[in-house]
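Visitor: Need the 3D shape of this:
(4 chains)
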Amino acid sequence: MSDDYKAKLRAGSDPLVFFKREDELEDGGIAPGHTMAAAISHALHDGETLFVGANPLIPFAGARLAQLTHAPNLTMIAGASGGVNPLLDPLAPSSGDYANLVAEAVLPFQEVLMMFMGGHGDVFFAGGLQIDRYGNCNLATVGSHEKTKLRGPGSAGIPWASRARRTILYTTAHTGRVFVPKVDFVSLAGWPVGGGTSAHGPALVVTPLALMDFTPEGTMRLVSVHAGVSLADVIDNTGFDLVLPEGQVPTTPQPTTEEMILMRTFDLDGLLAIIVP
Amino acid sequence: MSDDYKAKLRAGSDPLVFFKREDELEDGGIAPGHTMAAAISHALHDGETLFVGANPLIPFAGARLAQLTHAPNLTMIAGASGGVNPLLDPLAPSSGDYANLVAEAVLPFQEVLMMFMGGHGDVFFAGGLQIDRYGNCNLATVGSHEKTKLRGPGSAGIPWASRARRTILYTTAHTGRVFVPKVDFVSLAGWPVGGGTSAHGPALVVTPLALMDFTPEGTMRLVSVHAGVSLADVIDNTGFDLVLPEGQVPTTPQPTTEEMILMRTFDLDGLLAIIVP
Amino acid sequence: MVDTPESVENPTRRSKVLEIEAAVALIPPESESLWVGGMHMHNVPMALVRECIRQGKRFETFFAGPSSSLAAELLMGAGLVKRVVVGYIGFEQLGLAPVFRRLAEQGSEIRFIEADPGSMLLALQAGMAGQQFAPLPPGLENTSLPGTSPDFYRQLVDPFTGKTSLAVQAIKPSVGLIHCQQADEFGNGIFKGSMFSDHLLALAAETVLMQVEGLVSNDQILRYPLQTGVPSMRVAAVVPVLFGCHPCSSHRYYNYDDVHLRLYMEAASSDEGFADYMKRFVFGPEDQEEYMRRVQNQDWSSIQ
Amino acid sequence: MVDTPESVENPTRRSKVLEIEAAVALIPPESESLWVGGMHMHNVPMALVRECIRQGKRFETFFAGPSSSLAAELLMGAGLVKRVVVGYIGFEQLGLAPVFRRLAEQGSEIRFIEADPGSMLLALQAGMAGQQFAPLPPGLENTSLPGTSPDFYRQLVDPFTGKTSLAVQAIKPSVGLIHCQQADEFGNGIFKGSMFSDHLLALAAETVLMQVEGLVSNDQILRYPLQTGVPSMRVAAVVPVLFGCHPCSSHRYYNYDDVHLRLYMEAASSDEGFADYMKRFVFGPEDQEEYMRRVQNQDWSSIQ
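Guide: Okay, the predicted model is just below:
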């Protein structure tokens, strides 16, 4: 049974990429995927329980980085596979990958979802084909539901986001098509306009360009732009008016050298370097 | 892992009992426990799925005997332990015994109950502190619920008996205290008097004295008395008038020599010989 | 301990091992509903799905959850399902589902019910336990789902608190197709990796067909019963078919074939390409061996 | 594959291993509710139960299900529970529960709610999943249960069929006590035999204390995660205590001590005998070692 926990095969794995990619990027090899993962790591608190769903690369990396640095008591539950505290041995592109079973426990998927719906999550990660200024997300249909322009995969687990204490949104595409004034379908409910109900919207938005949070009124606000990104880049690629911070817009902290080294220990295929197109 | 399925300890096991008990009983060593188990075996059909709860000795033995003879495709699910198709290696007194995990699968207990409640059972085994002429059973309170004369353990799984296609009642005490005209508390619902509802009561009753079934109207009827038991014994120990078969009352078939040998292969402690006090 | 009588391997205990044609032939030509196991591109019983398509099995309702990928695509593209309950249909990081997109964006006769995997799995759990419906936790009422699918999500009053709650009707699929890495001939199945929600599916569905990478002996099952993920009485047929999940993964046996999947997604972005794919990989190969031969020698150049 | 950074065993990851006094001290003096794991005389975390009694922890409601034996007896006899939801309290083939009998037959301040384990476990499952209540399958309405316990079983209308159905309110125990044969220091627990309904209990209860026969390394957990029955984040404390289930069984470690149990049942059939038992085996021994010494040298002759 000694090899029970080793994946036998790994699709798309190029054993040389670890050495190759050193020169592919300037700026110490820091790609937007690394910055996003580090930003997520910094946003997590020790002892929290996280639920991660489909397309998990960036939250996986951020959570594992947090475990390896300031949050050793953090628990990460890997959506599809059911792995609890996967070591990311290695970081794999699909949430259902066998690699995610190099872990401490493996839960049946319905239990993962039921625990999440039962309120066991401190942090939930979500995204959308569309995200609007209140944090509403759409994974179902762009256009009307009757006359669909773009058919997304369906709402997946994100309708239950408010069952977690905090939701962190992430997307690898910060464009005006994603960040729209109003989503066409609410898969995940954002902050209530006017604040009438008890539901709460997302806490943080992590993109390849910037970090955003929400004002007390529940509208999206710029927190910082990533190194090498201008404020204009962010504004031009957001389909609504972001609330801007007063004074100079801060720059998102870059991953430190230690953080970059730690991410390489599990990102054997260099996926974080290529995750943002 | 080769010894994973072997119980390390077994309470109350006397290694000599297998040899000792040969002479303890007359009539080829056939005790009421054997007759009851064989009667249950004969009542089971190949391919059925059985759910067995607490105090499982007699239904366990009957079901395993059926598997070893005419019903190799029968599935037995062992209540507390969750064992599916336990080999009874050996037959153990508690439904939760580790011995019941010498089996093909082990289900969490809530799944056993939920599958049963979900209608997956062909046959369910039940008993009661009181059993009445319509097959109602009481495991809760004798006397009124406010002024309790005898506090039973509680209704356990038997309120769900009608979810199985057939229920077989068994008891090791055929007395007027058990077989009463009317139970004080309905833990298991018998046949509806007058036949107004769709619920169905038990199909068969197996005791140390006799076998009973129910008339089309749902009242208990004698099928046969066991060897060495007189009709008067049965009538005197039943607190209501049993419907009697026409003509001569048949004698319950005794276990054959082959059946006795098969039961000994799993009843290592001779429990069937002593289960009826 | 004692020697167990030989009847554990009683010759009269019926083996459930069937050839794939015979196993799928157990499904009636038209069934109420189908739920296919696995999740995303993992542990999906594709060999059974392809055989269902070859035999033209029709299903009133297909439950696309918790996350369906190629199984949903092929069944919808083949026109075998009338109503699809959508939890998630897609290829995760590989991209959106091309047939699903085309059917939804250009219109089709399929009725799509917008749903979510959490509610679908609570409904499946309810179906397993004999409950008529499953109440939902709070939260969903703030999304577009209940308004869009008023037949799937209904409101009721919690008899204990008087609060309103949403609920979904119990799901008891007529047919469940699942993949286990191993099983014995009687249908005791072992998941060597994640079980996803397939254990629950196996307990809930009326007829369960199981494909496996290979058979193990009943002795091996008895040796470590805690490992058994599917108990035999829930299984109607066991179909050994190596690489039967391809192009999806089978945990601990092989990963998904992302090259094949990407080429599928490209091909299936047109009606012609999809038809060509179906001809080559579903209707063409007469058995799994021939299918794998075609996969290995895949020449996609002429695919539309 | 790569060497995993040392931080898997990061020195700053907090061990949850506690002495039994400190673990039970995590429970407030008065809690809403308690559910004790195990079933019949198996896998019952008796060491934790005895320590709760020594520390005088009080619980408004005790859930005696799916089947409680000595844990229910001692907690009720010690006067620490006000309301008991009765699924099953007894010693299976050994006999009825003497303290339960005396309290119910002679009257007591404890309020007994007549219930059933199936409904209790559906309620626990609902509590785990955030559902407010659990509808019940048909059948129970023909028994005395709904009429006897109208607050536990309530009627509602199925919004899909219009039929009436019974329902029970979700159960989310404030405290869950469970026994695993093994765990690592972080609370990843392994059931070496049946898990009974303890996995579900661990997912549903607000505070979970786990006793184990012994600790294993986190490395061992990582080596075969499919074996982990309780994930660490659900566990507040891990208490290693060998023979901690005595006189109940711990699957694969030891069977129940039926001699001790029978003597208990005899002793506890009178108030004096029960008080004597409590003095000798609960309040007397200052630790588990002393408890086991008393058990081994048990001289029951002078017990009332």
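Visitor: check contacts around residue A:133.
Guide: The contact partners of residue A:133, taken as CB atoms under 8 Å, 6 or more residues apart in numbering or on different chains, are A:181-182, A:219-220, A:240-242. Any C-beta I mention is one placed from the backbone N, CA and C, and that applies to glycine too.
Visitor: Which helix or strand contains the closest residue to chain D within the stretch 151-277 of chain A?
Guide: Closest contact between the stretch 151-277 of chain A and chain D, by CB to the nearest CB, is at residue A:265 (5.3 Å). With the criterion set as DSSP states H and E, the secondary-structure element containing residue A:265 is helix A:257-266.
Visitor: after that helix, next one along is what?
Guide: Immediately after helix A:257-266, counting by DSSP H and E, sits helix A:271-274.
Visitor: and that following helix, average pLDDT?
Guide: In this model, helix A:271-274 has an average pLDDT of 94.
Visitor: Next one: it, is it in contact with chain D?
Guide: No - residues of helix A:271-274 are not located near chain D by CB under 8 Å from any CB of the partner chain, the shortest gap being 14.3 Å.
Visitor: Run the contact check for that helix versus chain C.
Guide: No - if you take CB under 8 Å from any CB as the test, helix A:271-274 misses chain C, and the best it gets is 9.4 Å.
Visitor: what's that helix packed up against?
Guide: Counting by 3 or more CB pairs under 8 Å, 6 or more residues apart in numbering or on different chains; DSSP states H and E, the packing neighbours recorded for helix A:271-274 are helix A:32-43, helix A:57-68.
Visitor: which of the ones you listed is buried the deepest?
Guide: helix A:57-68 (a mean of 27; mean count of other CB atoms under 10 Å in any protein chain shown).
Visitor: how much does it deviate in direction from helix A:32-43?
Guide: Orientation of helix A:57-68 against helix A:32-43 (axes from the mean of the first three to the mean of the last three CA atoms, to 10 degrees) gives an angle of 50 degrees.
Visitor: and helix A:57-68 with helix A:257-266, angle?
Guide: For helix A:57-68 against helix A:257-266, the angle by the same axes, to 10 degrees is 110 degrees.
Visitor: send the alpha carbons of helix A:57-68 over as PDB?
Guide: Only the C-alpha atoms of helix A:57-68 are listed here, as PDB (Å, rounded to 0.1, in the frame of the first residue of the first chain):
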ATOM      1  CA  LEU A  57      -5.400  26.400  -9.300                       C
ATOM      2  CA  ILE A  58      -5.200  29.900  -7.900                       C
ATOM      3  CA  PRO A  59      -7.100  29.300  -4.600                       C
ATOM      4  CA  PHE A  60      -5.300  26.000  -4.200                       C
ATOM      5  CA  ALA A  61      -2.000  27.600  -4.500                       C
ATOM      6  CA  GLY A  62      -3.000  30.600  -2.300                       C
ATOM      7  CA  ALA A  63      -4.300  28.300   0.400                       C
ATOM      8  CA  ARG A  64      -1.400  26.000   0.400                       C
ATOM      9  CA  LEU A  65       1.000  28.900   0.500                       C
ATOM     10  CA  ALA A  66      -0.900  30.200   3.500                       C
ATOM     11  CA  GLN A  67      -0.500  26.800   5.200                       C
ATOM     12  CA  LEU A  68       3.200  26.800   4.500                       C
END
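Visitor: and that helix, how far out from the chain's middle?
Guide: Relative to the centre of its chain, helix A:57-68 is centred 10 Å away, using CA atoms, centre = their mean, to the nearest Å.
Visitor: That one near chain D at all?
Guide: Yes - for helix A:57-68, a contact with chain D is found by CB under 8 Å from any CB, at A:67-68.
Visitor: In its sheet, which strands sit next to the very next helix or strand once past that helix, and in what direction?
Guide: Downstream of helix A:57-68, the first helix or strand assigned by DSSP H and E is strand A:75-78. For strand A:75-78, the paired strands and their directions (DSSP bridges) read strand A:49-52 (parallel), strand A:83-84 (antiparallel).
Visitor: And the contacts of the shortest one?
Guide: In this case it means strand A:83-84. Defining contact as CB under 8 Å, 6+ apart, one finds that strand A:83-84 is touched by A:75-78, A:100-107, C:194, D:225, D:228, D:231-233.
Visitor: contacting residues around residue 30?
Guide: The chain I'm using is chain A. Residue A:30 neighbours (CB under 8 Å, 6+ apart): A:227, A:254-255, A:260.
Visitor: actually chain C
Guide: Taking CB under 8 Å, 6+ apart as the definition of contact, the neighbours of residue C:30 are C:57-60.
Visitor: so residue C:267 touches residue C:278, yeah?
Guide: No - if you go by CB atoms under 8 Å, residue C:267 and residue C:278 don't touch, sitting 9.8 Å apart.
Visitor: For the stretch 51-200 of chain C, which residues are neighbours of chain B?
Guide: C:127-130, C:184, C:186, C:188.
Visitor: what's the farthest-apart pair in those?
Guide: The span of those, defined through CB to CB, is set by C:130 and C:184 at 28.1 Å.
Visitor: Sheet-wise, list the partners of the helix or strand that contains residue A:131 with their directions.
Guide: Element membership for residue A:131, per DSSP H and E: strand A:130-132. With DSSP bridges as the test, strand A:130-132 is paired with strand A:137-138 (antiparallel), strand A:179-180 (parallel).
Visitor: residue ranges with poor pLDDT in the chain?
Guide: I went with chain A, as the question did not name one. Across chain A, residues meeting the criterion (pLDDT under 70) sit at A:1-28, A:194-198.
Visitor: meant chain C, my bad for not saying
Guide: Counting by pLDDT under 70, chain C contains low-confidence residues at C:1-11, C:299, C:302-304.
Visitor: how about the residues of it near chain D?
Guide: Residues of chain C lying close to chain D by CB under 8 Å from any CB are C:122, C:125-126, C:129-138, C:154-161, C:163, C:165, C:167, C:169, C:191, C:193, C:226-227.
Visitor: returning to that earlier point: among the strands paired with strand A:75-78, which comes closest to residue B:144?
Guide: Among the strands paired with strand A:75-78, the nearest to residue B:144 by CB to CB is strand A:49-52 (49.0 Å).
Visitor: who touches that closest one?
Guide: Outside of strand A:49-52, the residues that reach it under the criterion CB under 8 Å, 6+ apart are A:44, A:59-60, A:63, A:74-79, A:95, A:112, A:116, A:120-125, A:157, A:164, D:233.
Visitor: Check the offset of it from the chain's centre.
Guide: 11 Å.
Visitor: Likewise for stretch C:196-205?
Guide: How far stretch C:196-205 lies from its chain's middle: 10 Å, per CA atoms, centre = their mean.
Visitor: I'd like to know if that stretch reaches chain A anywhere along the stretch.
Guide: Yes - between stretch C:196-205 and chain A, judged by CB under 8 Å from any CB, the touching residues are C:196-197, C:199-200.
Visitor: and those residues as TSV, adding secondary structure?
Guide: What follows is the residues of stretch C:196-205 next to chain A, written out as TSV (DSSP: H, G, I helix; E, B strand; the rest coil):
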residue	secondary structure
C:196	coil
C:197	coil
C:199	helix
C:200	helix
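Visitor: just to revisit the earlier point, if you count surrounding residues, which of residue C:267 and residue C:278 has more?
Guide: residue C:267 (21 against 18; other CB atoms under 10 Å in any protein chain shown).
Visitor: Can you tell me the closest non-neighbouring residue to that one?
Guide: Once flanking residues are discounted, residue C:267 sits nearest to residue C:273: 3.8 Å by CB to CB, 6 or more residues apart in numbering or on different chains.
Visitor: The one you found: which element?
Guide: Since the elements are taken from DSSP H and E, residue C:273 ends up inside helix C:271-278.
Visitor: Right, I'll leave it there.
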